[in-house]
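Engineer: Got a sequence here, can you build the structure:
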Amino acid sequence: MTELTWTDGLYLAFLTFLVAVPALLILGLAGRQVSVIGRPGIRRERSNHFLFRGDRLIDHDLPDLTLPAADDRAQSDWDRVRAWLAFRFPDLPLRLADVDQGRVTSFQSQNDALTTRLDFAPSDNALRVTLTDLSDPDPAVLNEWLRLCRSSQDQAAALFHAPVATWLCDGAGQLVWQNTAGLAMAPDHKDQIFGTIGLAPGIEDAMVKRLTLGETGGPARTSYEVRLIRTEPGFAVYATDITRLVQAETVQRDILQTLTKTFASLTIGLTVFDRTRSLALFNPALIDMTGLQPEFLIARPGLISFFDALRDRQVMPEPRNYGTWRTQINEMVETARGGLYQEVWSLPTGQTYRVTGRPYPDGDVAFLFEDISIEISATRRHRLQMDLRQSVIDHLEQGIAVLSDDGSLIFCNAAFGALIGIDPDRSLVEMRLHDVIAACRERSFGTGPWGDIEQRIASNALTAPIRYSIALPDNSALALQVLPLGRGQAMLTLSKHQSALLNAAALETG
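Structural biologist: Numbering: from 1, shown residues only. A predicted model of the protein is given here:
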C-alpha cells in the first residue's frame, strides 16, 4: 500500500468533515424526543402546514420561511416550494391541479433514513400541504438543513472533480487541500508552479501568470495559466492547462507574420478595418500610393478619419457635397460588407485607382487600392488607335467588310455600307454572312457569283483570293474581291472599275 503523506491526510480529513457534519446533524435531530403530557420518551408527530389556492401560497405556519428564488417570472409559489422539497420528494406533481381533490394524497421522503411524509388534503376551495416528521419537532427546519448540506456536498463534489487543478493553502502558504486534477499533476510541475507564484503573507490579492514547463526526459512542453486568489483563510490556486491555446496562438502568430511579409511585397495598397471601424492592418504599398504618414496609420485612425486624410491629400475624388460626405463613406462601408463595393477613382494628379471593398465574417472590412493608371492609359490609347483606324478605313472609296470564322460581320467601313445599302452602326451586331450576301444580291439585282462565295466562306474552303467583275443596272461595274485572312476569316472588297471611273470623269469634264 502506498504511504500517505500529510497532504493526503489533510485531504481525507476534509472529506470526512464534509460527510460527517450532515450525518451528525441528522442523527442529532432524529434522536430528539418530545414529551407528551409530561411523559418523556414518547414521540409524537410534528408538522408544518402550507395552504395553497391554485398554485399560489396563501398561508403557512413558518415565520422564517425562505423559499428558493424564482428562476423566472413564470414560476409560481408551488414551483418554488416543489424545488425546495424535490431533493427528498422527487415524485411531486408539477401542478397542484394534478392532485386528486377527492382524497388525501401522501408522499414519503426518499434517499435518507428519516421518516418524513408530505400530505395533500383538500380544504374549502384550497389545498393544504402538510410536512410531517416523526423524529423531529420542526420538519421544515430539518428539510432546510438537509437541503443546505446536500448543496454543500454537490458543490464540494463539483470542485473535487473539476478538470482545473485546484489547491487551497493556509495563510502561510502551506497546502491544505487539492482536487483530483491537482493530485494528478506531475510533482515537478506542481513544485515549479508554487515556486513561481511564491506564496507569502504579503502577496497581492490576485495574480494571473502563464507558465510553460518542460517534461522530464523529453522535448514536450506544457503551458499553464496560473490564477491566485486570496481568501479569508489563505489562498486558492488554480492551474489551467492551456497548451493547445498557446500552440494555436503560436500558429496564428506565425500565419500573421507570413501574411505580413506577403502583404509587404504586394504592389496593391491594403487596409483592414476591424468591427469597431478602426484601422487594424496596412501594408507599405498603401503608404507609397497615398503618401499618408506611417505615424498616422500606426495610431489606428478611424475609418472616417482615414478617408478624410485621403481627401485632404487629393488621393480620392473630391465629393460634390461635403455635407453628405460621411453618409457616403458609411454607405460605402456597408456596401463593402455586402461584398459589392468597387469603384474607379480618377485623381487630379492624373492617376487612376481601382478601390475594392471586401467583407469578412467577423465584421472586418478590407479595402484594396490598385493603381491602374497604366492599364487605363493603354486602354485609352488602344481605343484612340481603333477609332483612328476606323476613321481611315471609312475615308477609303473602296468598300471593305471582314467576316469571322463563324460567319459574323466583324466590321465594315462606310463605303461598303453605302454600296450594299446597310448602316454599319445599327446593323453590325445583327448581320451574318447570309445577311451580307443577301444585301449584295439585292443591290446587284441577283447578278454575281454570290452563292458560290457564300458556300466557300461558310465551308472554310476559301484558300486563295477570288476576283469578280459585276455589272450593275446603271451600266457601271463593281470589282469584287474575296480574300482569305486565315483562321477561317475572310475580307470582301467592293469598288467601281477604274475604267468606269475614268469614263465618268471624262463625261463630267467634257
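Engineer: hey, let's count contacts and neighbours off CA atoms from now on
Structural biologist: OK.
Engineer: Am I right that residue 143 falls within a helix?
Structural biologist: Yes - Residue 143 sits within a helix when classified using DSSP: H, G, I helix; E, B strand; the rest coil.
Engineer: Now do the residue lying closest to it once chain neighbours are set aside: how many residues are near it, please.
Structural biologist: If the residues on either side of it in the chain are set aside, residue 143 comes closest to residue 85, at 7.5 Å by CA to CA, 6 or more residues apart in numbering. For residue 85, the neighbour count with other CA atoms under 10 Å is 19.
Engineer: again, but for the one 3 residues further on
Structural biologist: Residue crowding around residue 88 was assessed by other CA under 10 Å; the count is 18.
Engineer: quick check, it in a strand?
Structural biologist: No - counting by three-state DSSP, one finds residue 88 to be coil, located in no strand.
Engineer: Phi, psi for it please.
Structural biologist: The phi and psi torsions at residue 88 (degrees, to the nearest 10) take the values phi -110, psi -20.
Engineer: if I pick it, what's in contact with it?
Structural biologist: By CA atoms under 8 Å, 6 or more residues apart in numbering, the residues touching residue 88 are 109-112.
Engineer: need the helices for the stretch 251-400 of the chain, in chain order.
Structural biologist: Secondary structure of the stretch 251-400 of the chain by DSSP state H, counting those that start in this stretch: the helices cover 284-290, 294-298, 303-312, 325-337, 373-394.
Engineer: what pLDDT, on average, does the last one get?
Structural biologist: When pLDDT is averaged over helix 373-394, the result is 88.
Engineer: what's in contact with that helix?
Structural biologist: Outside helix 373-394, the residues that touch it by CA under 8 Å, 6+ apart are 350-353, 400, 413-415.
Engineer: mind listing what the nearest residue to residue 451 once chain neighbours are set aside touches?
Structural biologist: Excluding the flanking residues, the one nearest residue 451 by CA to CA, 6+ apart is residue 437, at 8.0 Å. Residue 437 is in contact with 450-451, 454, counting by CA under 8 Å, 6+ apart.
Engineer: Equivalent analysis for residue 170, please.
Structural biologist: Residue 170 makes contact with 176, 233-235 under the criterion CA under 8 Å, 6+ apart.
Engineer: could I get the residues you listed as TSV with secondary structure, neighbour count and distance to residue 130?
Structural biologist: Output for those, formatted as TSV (DSSP: H, G, I helix; E, B strand; the rest coil; neighbours: other CA atoms under 10 Å; distance: CA to CA, whole Å):
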residue	secondary structure	neighbour count	distance to residue 130
176	strand	18	44
233	coil	11	42
234	strand	19	45
235	strand	26	46
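Engineer: Just give me the neighbour total for residue 231.
Structural biologist: Neighbours of residue 231 using other CA under 10 Å come to 14.
Engineer: Distance-wise, check it relative to residue 484.
Structural biologist: 98 Å (CA to CA, to the nearest Å).
Engineer: do residue 46 as well
Structural biologist: Going from residue 46 to residue 484 by CA to CA gives 118 Å.
Engineer: more crowded one of those two?
Structural biologist: Taking other CA under 10 Å, residue 46 and residue 484 do not tie; residue 484 has more neighbours (21 against 17).
Engineer: got a list of what that one touches?
Structural biologist: The neighbours of residue 484, taking CA under 8 Å, 6+ apart as the test, are 462-465, 490-491.
Engineer: Now it. Its backbone dihedrals?
Structural biologist: When read as degrees, to the nearest 10, the backbone of residue 484 gives phi -70, psi 140.
Engineer: what do you get for residue 244?
Structural biologist: phi -70, psi -40.
Engineer: Check residue 283 too.
Structural biologist: Torsion angles, degrees, to the nearest 10, at residue 283: phi -120, psi 170.
Engineer: so what's it up against?
Structural biologist: Residues in contact with residue 283 (CA under 8 Å, 6+ apart) are 260, 263-264, 266, 269-271.
Engineer: if we go to 7 Å?
Structural biologist: For residue 283, the contact set (CA atoms under 7 Å, 6 or more residues apart in numbering) comprises 263-264, 269-270.
Engineer: Closest one of these to residue 124?
Structural biologist: Closest approach to residue 124 among the contacts of residue 283 (CA to CA): residue 270, at 80.0 Å.
Engineer: does that closest one have beta-bridge partners, and which?
Structural biologist: Residue 270 has these beta-bridge partners by DSSP bridges: residue 368.
Engineer: Neighbours of it, how many?
Structural biologist: Residue 270 has 22 neighbours, counted by other CA under 10 Å.
Engineer: Who are the contact partners of it?
Structural biologist: 282-283, 286, 367-369.
Engineer: do residue 161 as well
Structural biologist: So residue 161 contacts 179-180 (CA under 7 Å, 6+ apart).
Engineer: and it, what pLDDT?
Structural biologist: Model confidence at residue 161, expressed as pLDDT, equals 88.
Engineer: Where do the domain boundaries of the chain fall?
Structural biologist: As given by automatic domain parsing, the domain ranges for the chain are 161-245, 266-375, 396-507.
Engineer: Residue 51 is nearest to which of the ones you listed?
Structural biologist: Closest among the domains of the chain, using CA to CA: domain 161-245, at 41.5 Å.
Engineer: distance between the ends of that closest one?
Structural biologist: 22 Å.
Engineer: Repeat that for stretch 404-419.
Structural biologist: Taking CA to CA, stretch 404-419 runs 21 Å from one end to the other.
Engineer: for that stretch, the distance to its chain's centre please.
Structural biologist: 55 Å (CA atoms, centre = their mean, to the nearest Å).
Engineer: Report the buried residues of it.
Structural biologist: 404-405, 407-417, 419 (16 or more other CA atoms under 10 Å).
Engineer: Let me have those in CSV, adding pLDDT, distance to residue 164 and secondary structure as columns.
Structural biologist: Below are the buried residues of stretch 404-419 laid out as CSV (pLDDT from 0 to 100; distance: CA to CA, whole Å; DSSP: H, G, I helix; E, B strand; the rest coil):
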residue, pLDDT, distance to residue 164, secondary structure
404, 90, 77, coil
405, 87, 76, coil
407, 87, 79, coil
408, 88, 77, strand
409, 88, 79, strand
410, 86, 77, strand
411, 83, 79, strand
412, 87, 83, strand
413, 89, 85, coil
414, 88, 87, helix
415, 89, 91, helix
416, 89, 89, helix
417, 86, 88, helix
419, 84, 94, helix
